[in-house]
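Student: Have a look at this prediction, sequence included:
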Amino acid sequence: MKKLGIVLFIAAALVFAAPVVMTAYGSFVSEGIPTLQNYADLLFDCFIFYPMFWNSVLYAVVITAVQLLVIVPCAFGFSQAKFRGKGALFTAYIILMMMPLQVTILPNYIGLRDMGLIDTRLGIILPMTFSPFGVVVMHQYMKSIDGSIIEATRLETNSILRIILTSVIPQIRACIFAVAIFVFADCWNMLEQPMLFLKRTELKTLSVFIADADKYSGNVLLPASVIFMIPIFLLYLFFNEYLEKGLTLGELS
Amino acid sequence: MSFHKKLLTAITVIFFAAMLFLTVSARAIHNATLPQVTAERLSSVQFPFEYTDENGNVMTGTKSALAIRSDLLGSDVFVLYQREKNGDMRDYVRLAVIETGEEYNGFTEVLSGIGYGDKFVISTDSILSDGDEVLVEE
């Protein structure tokens, strides 16, 4: 039975890894012959690739940073504050979290159009700044933190900011890293928002480049996909120990 | 920091430094591989011609015609054109089949093959082929 489990795990791992391996393999092959021509076509003949790459980096880094600044105090408020309607508000967060993008994208577009933010970088960053997913995950994790440390800090100061900085954040570091990875990955992979909210190609992201790769000459799709995977892969390798801790410790308690 | 983390940090720094370097220099590297050409437009030259007036006298007049320097006709003549590639407007050359007319004062009349506004290559630092991308020196 144990051997069957191992075999199934290996089979599932191969199924998930196969597209990645095939992409990497295909990027170094052209008409069956190993070559670097695909990378040369992308890196030295397709200059629009670079602004789109850096746009992806900019949006992912800025949105992740701003989201964390919003999520931590919000989740702390949900876990510690007592106010009327807290349960209903949190339920609304969960409902929002479950809503597919296709439901919210049109109201988003109308709001951004009315604010004059269509075809601007802020039009991508602003809607992504407020994410219910991070609040819900972090709120669950915060249930496991040691309340006595917060009480001890409250004896020294009334400043909520100081309480969060000195006694909450050190205890939820793993969760912060885990949420940051998910938020970064979500922003890095976003496709619909840049396609719909941005008109100028130089503001769009690498995911849009890959979606439109057939517009560009040369076999640029697979090398671009490999380069697209690298930052996420590195991020995961850096923080993978926090990922498991950050998402499960809250549940265990 | 463990060796594993140091290695990952090094790989990350190298990756982003390489992307930054390529962002700044990829176009210059690409342009360095292109043939460099200088180009000019056809000249408008006054060609003499003879005609007979109503009295039967042979008269000499001049007509303005587009012409190319006769020494350039010894080799293939390439005409410049622009085409969009990967979001950029780039310069290419096409081999022109020129029909020539009279010669005068070092210039040869061009009857067809190069239009009035077309630029053609007058010098290049490497051998050109039809459809090559080139870098035009200003």
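Tutor: Looks like it came in fine.
Student: all contacts plus neighbour counts: C-alpha atoms, from now on.
Tutor: Fine.
Student: where's the residue most central in space within chain B, which helix or strand?
Tutor: Taking Cα atoms, centre = their mean as the criterion, B:Leu80 is the residue nearest the geometric centre of chain B, at 3.8 Å. Element membership for B:Leu80, per DSSP states H and E: strand B:77-85.
Student: Which strand residues bridge the residue nearest to the centre of chain B?
Tutor: Under DSSP bridges, the beta-bridge partners of B:Leu80 are B:Val93.
Student: Distance-wise, check A:Phe239 relative to chain B.
Tutor: Distance, A:Phe239 to chain B, using Cα to the nearest Cα, to the nearest Å: 10 Å.
Student: quick one on the thing from earlier: surely the residue nearest to the centre of chain B touches B:Leu95?
Tutor: No. With contacts defined as Cα atoms under 8 Å, B:Leu80 does not count as touching B:Leu95, sitting 9.1 Å away.
Student: re the thing from before, list the residues that contact the residue nearest to the centre of chain B.
Tutor: Shown here is B:Leu80, whose contacts under the criterion Cα atoms under 8 Å, 6 or more residues apart in numbering or on different chains are B:Ala39, B:Asp91, B:Tyr92, B:Val93, B:Arg94, B:Asp118, B:Lys119, B:Phe120, B:Val121.
Student: residue contacts, A:Met128?
Tutor: Shown here is A:Met128, whose contacts under the criterion Cα under 8 Å, 6+ apart are A:Ile63, A:Gln67.
Student: just checking, it is part of a helix?
Tutor: Yes. Under DSSP: H, G, I helix; E, B strand; the rest coil, A:Met128 sits within a helix.
Student: Would you map out the domains in the chain?
Tutor: The chain I'm using is chain A. Domain assignment for chain A, taken from automatic domain parsing, gives A:1-35, A:47-249.
Student: Let me rephrase: I mean chain B.
Tutor: Taking automatic domain parsing as the criterion, chain B consists of the domains B:1-33, B:35-136.
Student: For the stretch 1-150 of chain A, which residues are neighbours of chain B?
Tutor: A:Leu43, A:Phe44, A:Asp45, A:Cys46, A:Phe47, A:Ile48, A:Tyr50, A:Pro51 (Cα under 8 Å from any Cα of the partner chain).
Student: What separation do you get for the nearest residue to A:Ala178 once chain neighbours are set aside and chain B?
Tutor: Spatial nearest neighbour of A:Ala178, excluding adjacent residues (Cα to Cα, 6 or more residues apart in numbering or on different chains): A:Leu243 at 4.4 Å. When Cα to the nearest Cα is the yardstick, A:Leu243 and chain B sit 16 Å from each other.
Student: Isn't A:Leu243 up against A:Ile176?
Tutor: No. Contact between A:Leu243 and A:Ile176 fails when scored by Cα under 8 Å: they sit 9.2 Å apart.
Student: Settle it for me: which of those two has more neighbours?
Tutor: Set side by side, A:Leu243 and A:Ile176 show more neighbours around A:Ile176, with 23 against 19, by other Cα atoms under 10 Å in any protein chain shown.
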